[in-house]
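Asker: okay, sequence plus prediction incoming.
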Amino acid sequence: MPPVFAHGRLRLYLLKLLDEAPRHGYEVIRLLEERFQGLYAPSAGTVYPRLAKLEAEGLVTHATEGGRKVYSITEAGRAELADRGGELADLELEIRDSVSELAAEIRSDVRGAAGDLRREMREAASASATRVDDESWQVAKEELRKARQEWKEQARRAKDESRRAREEAQAARRQAKEAQERAREEVQRIAGQLQEQFARSGGVLGSLAGAWLGGGGGAAAGSAARGDAEAPASEWAAEWAADLVPSGDAARDLDRLLDRFRDEVRDAARDHGVTADRLAEARHHLAAAAARLRGTLGPTP
C-alpha cells in the first residue's frame with residue numbers, strides 16, 4: 001500500500017486541524033480516520049511525535065485539561081499555514097484521491113480473499129469427491145456457507161465500527177462548538193453586566209456631585225458654602241481655581257471652571273462618601289448656585 005501522506009504532508013494537515021479548533025491527540029487521530037471515511041487511521045506513534053515536534057518548533061502549544069494535552073495552533077503556525085495555502089489545496093485533493101485508492105484496494109483485497117476461499121473450497125471438494133460420500137460433501141458445503149457468513153459478519157462489524165467512529169467524531173465536534181458558544185455567551189453576559197454597572201456608577205457620581213459642598217471638601221470650600229465668618233465666600237472665590245490662566249475666550253474659560261468644579265465635587269464624594277443628609281444639602285446648594293449663575297449669565301438689563 002502506498003503511503004497515505006507524502007513527506008511533510010501530515011505535518012501540514014495537523015496544522016490545518018488545529019487551526020479549525022484546539023484538539024487533543026486522540027481527537028486528531030479520530031478526525032483523521034473520519035476524513036478517510038474509516039479506511040485509514042494513523043497510530044498514536046505517528047501523531048504524537050509530530051505534535052511534539054510542531055510544539056518544539058513553536059508552531060503549536062498545549063494546555064492540560066482533565067489530565068490530557070489539548071493542542072492549539074500558534075501565530076507562527078498560522079503563518080506557515082498561510083504561506084503553504086497552495087500546498088494545502090493540493091493536499092485536500094490528494095486525500096480524496098487516497099480515499100478512492102484505499103477503497104479500491106480494500107475492495108480488491110476482499111474480492112481476492114473471497115475468490116481464494118471459494119477456489120480452495122472447490123479444489124478441496126474436487127480432490128475429495130472421489131473418496132467421500134454424499135454426507136462428506138454436505139459437510140464441505142456447510143463449511144463453505146459458514147465461511148461466507150463469517151466473512152459477511154466481519155465486513156458488517158467493520159462497517160459498523162467505522163460508522164460509530166464517524167458519529168463519535170461528529171458528536172465531539174458538536175460538543176466543542178456548543179461549549180464555545182456557551183463560553184461566548186457567558187463573556188457577553190458578563191461584559192453587559194459590567195457596562196451596566198459602570199453606566200449606573202457614572203449616574204450615581206453625577207447625582208452626588210454636591211457632596212463636596214455638603215461636607216468634607218476642604219475648609220475653604222465648606223466655609224464658603226456655609227457663610228463661615230473665618231473664610232468669607234469672596235476670599236474663597238478669589239483663591240479658587242487661581243491656577244487656571246485666562247485664555248482670552250470667556251466661554252472657553254467658563255467651561256474650564258465648570259470642569260474644575262465637577263472634578264473637585266466628584267473627588268470629594270469619592271474620598272469622603274455621601275450620606276442622605278449630605279446629598280439633600282448638596283442639592284440645595286447646587287440649586288441655589290444654578291439660580292445665581294442663571295441670573296449672572298442671563299440677559300444684561
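Answerer: Looks like it came in fine. Numbers count the residues shown, from 1 in each chain.
Asker: how does this protein divide into domains?
Answerer: The chain breaks down by automatic domain parsing into domains covering 9-182, 211-297.
Asker: quick one: mean pLDDT for the shortest one?
Answerer: So that's domain 211-297. When pLDDT is averaged along domain 211-297, the result is 74.
Asker: so which residues of the stretch 51-200 of the chain form helices?
Answerer: For the stretch 51-200 of the chain, helices defined by DSSP state H, counting those that start in this stretch occupy the ranges 75-83, 85-128, 134-207.
Asker: I'd like the domains of the chain laid out as a markdown table, including distance to Arg189 and mean neighbour count.
Answerer: C-beta: built from backbone N, CA, C; applies to glycine. Below are the domains of the chain laid out as a markdown table (distance: least, CB to CB, whole Å; neighbours: other CB atoms under 10 Å):
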| stretch | distance to Arg189 | mean neighbour count |
| --- | --- | --- |
| domain 9-182 | 10 | 14 |
| domain 211-297 | 28 | 14 |
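Asker: one step back: weakest of the helices of the stretch 51-200 of the chain in terms of mean pLDDT?
Answerer: Confidence, taken as mean pLDDT, is least for helix 85-128 of the helices of the stretch 51-200 of the chain (a mean of 68).
Asker: all helices of the stretch 201-301 of the chain, in order?
Answerer: Taking DSSP H, counting those that start in this stretch as the criterion, the stretch 201-301 of the chain carries its helices at 211-214, 219-226, 233-239, 250-272, 276-297.
Asker: quick one: closest of these to Arg122.
Answerer: Nearest of the helices of the stretch 201-301 of the chain to Arg122, taken as CB to CB: helix 250-272 at 98.9 Å.
Asker: which helices and strands sit right next to the closest one?
Answerer: helix 134-207, helix 211-214 (3 or more CB pairs under 8 Å, 6 or more residues apart in numbering; DSSP states H and E).
Asker: may I have that helix as PDB, with CA atoms only?
Answerer: Coordinates of each C-alpha in helix 250-272 appear next as PDB, following Å, rounded to 0.1, in the frame of the first residue of the first chain:
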ATOM      1  CA  ALA A 250     -14.700  83.800  28.100                       C
ATOM      2  CA  ALA A 251     -16.900  80.900  27.000                       C
ATOM      3  CA  ARG A 252     -13.900  78.500  27.000                       C
ATOM      4  CA  ASP A 253     -12.800  79.700  30.400                       C
ATOM      5  CA  LEU A 254     -16.300  79.100  31.800                       C
ATOM      6  CA  ASP A 255     -16.200  75.500  30.500                       C
ATOM      7  CA  ARG A 256     -12.800  75.100  32.300                       C
ATOM      8  CA  LEU A 257     -14.200  76.400  35.600                       C
ATOM      9  CA  LEU A 258     -17.200  74.100  35.300                       C
ATOM     10  CA  ASP A 259     -14.900  71.100  34.600                       C
ATOM     11  CA  ARG A 260     -12.800  72.000  37.700                       C
ATOM     12  CA  PHE A 261     -15.900  72.300  39.800                       C
ATOM     13  CA  ARG A 262     -17.300  68.900  38.700                       C
ATOM     14  CA  ASP A 263     -13.900  67.200  39.200                       C
ATOM     15  CA  GLU A 264     -13.500  68.500  42.700                       C
ATOM     16  CA  VAL A 265     -17.000  67.600  43.700                       C
ATOM     17  CA  ARG A 266     -16.600  64.000  42.500                       C
ATOM     18  CA  ASP A 267     -13.200  63.700  44.200                       C
ATOM     19  CA  ALA A 268     -14.800  64.800  47.500                       C
ATOM     20  CA  ALA A 269     -17.700  62.300  47.100                       C
ATOM     21  CA  ARG A 270     -15.200  59.500  46.300                       C
ATOM     22  CA  ASP A 271     -12.900  60.300  49.200                       C
ATOM     23  CA  HIS A 272     -15.400  61.000  52.000                       C
END
